[in-house]
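Visitor: starting from these lines, generate the structure:
(one chain, ligands or ions: 1)
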Amino acid sequence: MRSVAFATLLAAITTGLAAVTPQLSQRQGGSQGGGGGDVFLVVCTEPNLASGTCSTAGGLNACRTFIPPFNNSIESLASTVASVACAVYVNDDCTGDSLIVTNLEVVDNLAASNPNLKDALNSFQCIGTA
Ligand SMILES: *[C@@H]1O[C@H](CO)[C@@H](O)[C@H](O)[C@H]1NC(C)=O
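Guide: The predicted structure follows:
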């Protein structure tokens, strides 16, 4: 199960990287320290990280908004870096109902696990060591 989920996650990440949405993956002003990039989340507008519905998101220690078509439309998401935790929120300013994803966790279907967050997420903030 876990390796299948991980393979799905890798596929989603690869897909996401192929079509990186600049606004979702923009770097913070300075250097990130030369690490392995700054993608900490995969977000998708359909359950199960469905191919073709995902993008990547990143940046550390700053509240960022999900841009269209992801705002109010995320139905599954995943953590991509074990040492980084990302909180996702219903409001634009990292407030309101939230969920933390970390340690390569995959949230397959918000409708089932967190119905209050399905198609309701608007911002995120990631914290950790990349
Ligand atoms: C996403 O945000 C844009 C503006 O930032 C807004 O016009 C649009 O209605 C939002 N989409 C949803 C589904 O809420």
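Visitor: looking at this structure, which helix or strand is least sure?
Guide: Lowest mean confidence among the helices and strands of the chain (mean pLDDT, DSSP states H and E): helix 22-25, at a mean of 40.
Visitor: where do the strands sit along the chain?
Guide: Assigned by DSSP state E, the chain shows strands spanning 39-44, 54-58, 64-65, 76-79, 84-89, 98-101, 106-107, 123-128.
Visitor: count the residues that sit near S98.
Guide: S98 has 17 neighbouring residues, counting by other C-beta atoms under 10 Å. (Each C-beta comes from the backbone N, C-alpha and C, glycine too.)
Visitor: residue closest to the middle of this protein?
Guide: Residue closest to the average C-alpha location in the chain (C-alpha atoms, centre = their mean): L41, at 2.8 Å.
Visitor: need the pLDDT of S79.
Guide: We have a pLDDT of 98 for S79.
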